[in-house]
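Trainee: Sequence isn't available, so here's the structure alone:
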Ligand SMILES: [Zn+2]
């Protein structure tokens with residue numbers, strides 16, 4: 001699954017790939033390939049969907065965020 005967020009490593013707003021494997025999930029920045037393993041539970045799911053809501057809210061001010069659709073897409077606000 002793909003979702004949008006800000007990467008703490010490359011500092012871009014970008015598209016992340018999430019690979020869930022039971023109780024662990026791998027969060028991969030499709031721009032700099034930074035990987036982070038996180039514990040996967042209902043809390044992390046909420047965190048991801050809240051992040052998407054933030055992006056949608058920010059999109060009103062920064063329409064460029066709407067361009068983040070595919071792997072490797074990245075912007076700096
Ligand atoms: Zn990154």
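Mentor: Alright, I've got the coordinates. Since this is a predicted model, take the numbers as computed values, not measurements.
Trainee: what helix or strand is residue 18 on?
Mentor: Using DSSP states H and E, residue 18 maps to strand 13-21.
Trainee: for residue 55, same thing?
Mentor: Element membership for residue 55 (DSSP H and E) is helix 42-59.
Trainee: between that helix and strand 13-21, how many degrees?
Mentor: Relative orientation of helix 42-59 versus strand 13-21 (axes from the mean of the first three to the mean of the last three Cα atoms, to 10 degrees): 160 degrees.
Trainee: what's the model's confidence in helix 42-59, averaged?
Mentor: Averaging pLDDT along helix 42-59 gives 91.
Trainee: Check stretch 17-31 too.
Mentor: 96.
Trainee: Give the buried residues for the helix holding residue 55.
Mentor: 44, 48, 55, 58 (16 or more other Cβ atoms under 10 Å). For every residue, glycine as well, the C-beta is placed using N, CA and C.
Trainee: for the second one, what are its contacts?
Mentor: Applying Cβ atoms under 8 Å, 6 or more residues apart in numbering, one finds that residue 48 lies in contact with 3, 5, 18.
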